[in-house]
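>>> with the input below, show me the fold.
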Amino acid sequence: MLCVVISTSRIHSWVSTALSHKVQELDLSLPAESVYMFPNTLFSAESLSTLKLKTYSKLEVPSLIHFPNLKTLHLAVEFPDDRSAQQIFSGCPVLQELHLINCNWKRTKRVTIYIPTLRQFSIIEDACPDDYPFTDRFNTLLYCEILIYAENLQYIDCTSFLTVEVSLCNLSSIVKAEIWFDDMYEMQDICIPRALRIFDAICSVKSLILWDETVEFLSGEDNLEARLPIFHNLTHLEVRRPSFYNDASIVLTHFLHKCPKVESLHIPETFYMARKGWVLDIAPQYLRCFLKTAIDLMFWWGGGRLKVTIFCSKDLAVDLEKQKEINHQLQVIRKGKANVGVEFRERKRRFHNFG
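Below you'll find the model as predicted:
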């Protein structure tokens, strides 16, 4: 495997030499200042099973591309036009993993990726303007659409500022999804619909990971619950790296209302802070999955012990025996830690104001 940073003048000969030795894994990390002319043999190498190409410069490709044995492809490049991008993806008939990392799509309008063998797909857009070579792309959204047809896709990682429209088609085999969205453009009228269309496409997923930025981003949609799809197969929901802001619990609850089969809910301790303290604001039918996963709930340290407020139905609010049972289960979960003070309140309003 070749994994080096090399000068522009040597790139052609280095790659040719590596390919002549039937290299199976090729990892190229190149300076972004120049456009590189790779040997044509790179794009028809029979020996390659893994190709990682990081240039952030315009990728010039030949008219014929065919990777007969390529299973893993990582690209961090600028696509010169629709045709070139289309050629690359069409030339990978047995590809199983595709990772597009901070690619520049400013010269493209519509790219279709049709790879039935694809199992894992990630589109990563997480570079800050100050450290990304093409800072001009952060000045505006791109009206470019990337269509993904991958009927056997099992895992997707979408980390994006939603600069481009990602259209996921026919993901009937999807098992796990990891979603990180952030609206650095402050153009929610465009970015939120793009995000919701992605959720529509992955609604058959079984395991869903949401990063805290995603939760905060979605809080900008006033009609979120109505616009979210029903996740019929979802059994595991996780929120990572949660932050302190008022609408997080509301967004989570909207998700839970659309997850009828959820069994495992993983939320770290510092998740939601209402104006009057820490609150566990969750519909009663989902309380069981909190308890089942034995996680730290949304606790607030105050007055020498942990406190949690559970907003619930009228029946639970007056059912002292059920409250006692839940209280006991919470103490068991917190065994070895501070005791929990539990308060039950009847839910009289629907997640708009906790004042």
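>>> what about the residue most central in space within the chain, which helix or strand?
Among the residues of the chain, the one closest to the centroid is Ile179, at 1.8 Å (C-alpha atoms, centre = their mean). Per DSSP states H and E, Ile179 falls inside strand 176-181.
>>> residues of whatever helix or strand comes next after that strand that come out buried?
For strand 176-181, the following helix or strand on the C-terminal side (DSSP H and E) is helix 188-201. Residues Cys191, Ile192, Arg194, Ala195, Leu196, Ile198, Phe199, Ala201 are the ones in helix 188-201 that count as buried (16 or more other C-beta atoms under 10 Å). In short, each C-beta sits where N, CA and C put it, glycine included.
>>> contacting residues around helix 188-201?
If you take C-beta atoms under 8 Å, 6 or more residues apart in numbering as the criterion, helix 188-201 is touched by 141, 158, 161-162, 165-169, 171, 179, 181, 183, 185, 214, 217-218, 220-221, 227-229.
>>> just the buried ones from those, in ChimeraX syntax?
Selection of buried members from those for ChimeraX, criterion 16+ other C-beta under 10 Å:
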select :141,158,161,162,165,166,167,168,171,179,181,183,214,217,218,221,227,228
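>>> just the ones of the contacts of helix 188-201 in strands?
In this view, the contacts of helix 188-201 that belong to strands under DSSP state E are Cys158, Glu165, Val166, Ser167, Leu168, Cys169, Ile179, Phe181.
>>> quick one: which two of those are the most distant?
Cys169 and Phe181 (19.5 Å; C-beta to C-beta).
>>> surely the residue nearest to the centre of the chain touches Cys158?
Yes - taking contacts as C-beta atoms under 8 Å, Ile179 lies within contact range of Cys158: 5.4 Å.
>>> all helices of the stretch 51-200 of the chain, in order?
82-90, 188-201 (DSSP state H, counting those that start in this stretch).
>>> how far out from the middle of the chain is the last one?
Helix 188-201 has its C-alpha centroid displaced from the chain centroid by 13 Å (C-alpha atoms, centre = their mean, to the nearest Å).
>>> for whichever helix or strand comes after it, name the packing helices and strands.
Later in the chain than helix 188-201, the nearest helix or strand by DSSP H and E is strand 207-211. The helices and strands touching strand 207-211, judged by 3 or more C-beta pairs under 8 Å, 6 or more residues apart in numbering; DSSP states H and E, are strand 176-181, strand 236-240.
>>> parallel or antiparallel, which strands does strand 207-211 pair with?
strand 176-181 (parallel), strand 236-240 (parallel) (DSSP bridges).
>>> need the contact list for the residue nearest to Glu213 when sequence neighbours are not counted.
Among residues not flanking Glu213 along the chain, Asp182 sits closest, at 4.5 Å (C-beta to C-beta, 6 or more residues apart in numbering). Applying C-beta under 8 Å, 6+ apart to Asp182 gives the contacts Phe161, Glu213, Thr214, Phe217.
>>> swap the cut-off to 10 Å and go again
125-126, 159-162, 191, 211-214, 216-217 (C-beta atoms under 10 Å, 6 or more residues apart in numbering).
>>> between those, which sits nearest Lys261?
Nearest member of these to Lys261, counting by C-beta to C-beta, is Thr214, at 21.1 Å.
>>> against Asp81, how distant is that closest one?
Thr214 sits 32 Å away from Asp81 when distances are taken as C-beta to C-beta, to the nearest Å.
>>> now the strands for the stretch 1-150 of the chain?
Assigned strands in the stretch 1-150 of the chain, in chain order: 2-4, 25-29, 50-58, 72-78, 97-101, 110-114, 120-124, 145-149 (criterion: DSSP state E, counting those that start in this stretch).
>>> those strands: which one's closest to Ala248?
Of all the strands of the stretch 1-150 of the chain, strand 120-124 comes closest under C-beta to C-beta, at 23.9 Å.
>>> adjacent strands (with direction) for that closest one?
strand 97-101 (parallel), strand 155-160 (parallel).
>>> tilt between the first one and strand 110-114?
With axes from the mean of the first three to the mean of the last three C-alpha atoms, to 10 degrees as the criterion, the two stretches strand 97-101 and strand 110-114 enclose an angle of 160 degrees.
>>> contact partners of strand 97-101?
50, 52-54, 56, 70-77, 79, 85, 89, 92, 113, 115, 118-127, 146, 148, 150, 153, 155, 157, 159, 166.
>>> give me the mean pLDDT for it.
Taken as a whole, strand 97-101 has an average pLDDT of 97.
>>> quick revisit: would you check how far apart the residue nearest to Glu213 and Ser207 are?
Asp182 is 22 Å from Ser207, by C-beta to C-beta.
>>> shouldn't Val77 be in contact with Lys52?
No - between Val77 and Lys52 there is no contact under C-beta atoms under 10 Å: 11.0 Å.
>>> neighbour count winner among these two?
Remark: of Val77 and Lys52, Val77 carries more neighbours, 25 against 18, as counted by other C-beta atoms under 10 Å.
>>> dump the residue contacts of that one.
30, 32, 36, 53-59, 61, 84-85, 88, 100-104.
>>> what of Arg110?
Asp82, Ala85, Gln86, Tyr143, Cys144, Glu145, Ile146, Leu147, Glu165, Ser167.
>>> 6 Å - rerun?
Glu145 (C-beta atoms under 6 Å, 6 or more residues apart in numbering).
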